[in-house]
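Novice: Quick one, fold the following:
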Amino acid sequence: MNELTDRQAEILSFLERFVEREGMPPSIPEIQGAFDLASPRGVVKHLEALAAKGHLELIPNRARGIRLRQARRSRRSRDQLDLPILGRVAAGAPIGAADTFDESLVVDGALFRQRPDYLLRVQGDSMRDDGIFDGDLVAIRQASSAEDGQTVVARIDGEITIKRLKIGAGGIRLLPRNPDYAPIDVPKDADFAIEGLYCGLVRRD
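Specialist: As a prediction, the model looks like this:
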């Protein structure tokens, strides 16, 4: 592979960290904002250069259509994972958590940079712009805390939902990734908890 420029190396490192944290590649605007680039075209030129040098693949006409080459992925074990499907998670308004399933799915561990603990079936389309659609199985790593900007499964008064976490001076907000939905402001007296972190998804035809 051809040697990278300093900026190309920085962008590739950013892509790897983003995928490891979020379980999916960043969008063009997210890359543009992270590096204060003047235009989306500047991002595309850097990505095209990285693709030409063999470090990633660009998938046409797909949101977040960046695929890192396997050689750049984590070297952790690619053992098959037998993940339980625990129930449904709302990508819309929160829904009850009691809808559980006695079912599991064997998946390739190499699909995920962080090892997930279970799967949840998505109901709704409020996370559409992050590439998470109704019927997808989202892979979740059990966790009780999260950082600002991470995609999380959260429990609010006994109901669960998947959203982007926003922590600010005014409190906690759960942000949808579809403009048809309003953010959820978590009341200070709500029974609220982080249940897990989003690691990626499995889409079955």
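Novice: so who does Arg203 touch?
Specialist: Neighbouring residues of Arg203 by C-beta atoms under 8 Å, 6 or more residues apart in numbering: 133, 135-137. Quick note: C-beta positions are derived from backbone N, CA and C, even for glycine.
Novice: let's see it at 10 Å
Specialist: Neighbour list for Arg203: 122, 131-133, 135-137 [criterion: C-beta atoms under 10 Å, 6 or more residues apart in numbering].
Novice: Next: Ser126.
Specialist: Ser126 makes contact with 90-93, 132, 134, 161-163, 174-182, 184, according to C-beta under 10 Å, 6+ apart.
Novice: are any of the contacts of Arg203 buried, and which?
Specialist: Neighbour-count burial (16 or more other C-beta atoms under 10 Å) applied to the contacts of Arg203 gives 122, 131-132, 136-137.
Novice: ok, so of those, who is nearest Gly54?
Specialist: If you rank those by distance to Gly54 using C-beta to C-beta, Gly131 comes first, at 24.3 Å.
Novice: Next, give phi and psi for Ala90.
Specialist: Backbone geometry at Ala90, expressed as degrees, to the nearest 10, gives phi -80, psi 130.
Novice: Gln80: neighbouring residues, count only.
Specialist: 11 (other C-beta atoms under 10 Å).
Novice: And for Met127?
Specialist: Neighbour count for Met127, taken as other C-beta under 10 Å: 29.
Novice: what's the answer for Leu174, then?
Specialist: So Leu174, with other C-beta under 10 Å, has 20 neighbours.
Novice: Could you do the one 10 residues further on as well?
Specialist: Burial measure for Ile184: 20 neighbouring residues, criterion other C-beta under 10 Å.
Novice: just checking, what packs against the helix or strand containing Gly33?
Specialist: Secondary structure assignment for Gly33, by DSSP states H and E: helix 28-35. Packing partners of helix 28-35 (3 or more C-beta pairs under 10 Å, 6 or more residues apart in numbering; DSSP states H and E): helix 6-22, helix 40-52.
Novice: hang on, the earlier thing: let me have the buried ones among the contacts of Arg203 in JSON lines, extended by secondary structure and distance to Arg115.
Specialist: Putting the buried ones among the contacts of Arg203 into JSON lines (DSSP: H, G, I helix; E, B strand; the rest coil; distance: C-beta to C-beta, whole Å) gives the following:
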{"residue": "Val122", "secondary structure": "strand", "distance to Arg115": "20"}
{"residue": "Gly131", "secondary structure": "coil", "distance to Arg115": "21"}
{"residue": "Ile132", "secondary structure": "coil", "distance to Arg115": "19"}
{"residue": "Asp136", "secondary structure": "coil", "distance to Arg115": "19"}
{"residue": "Leu137", "secondary structure": "strand", "distance to Arg115": "16"}
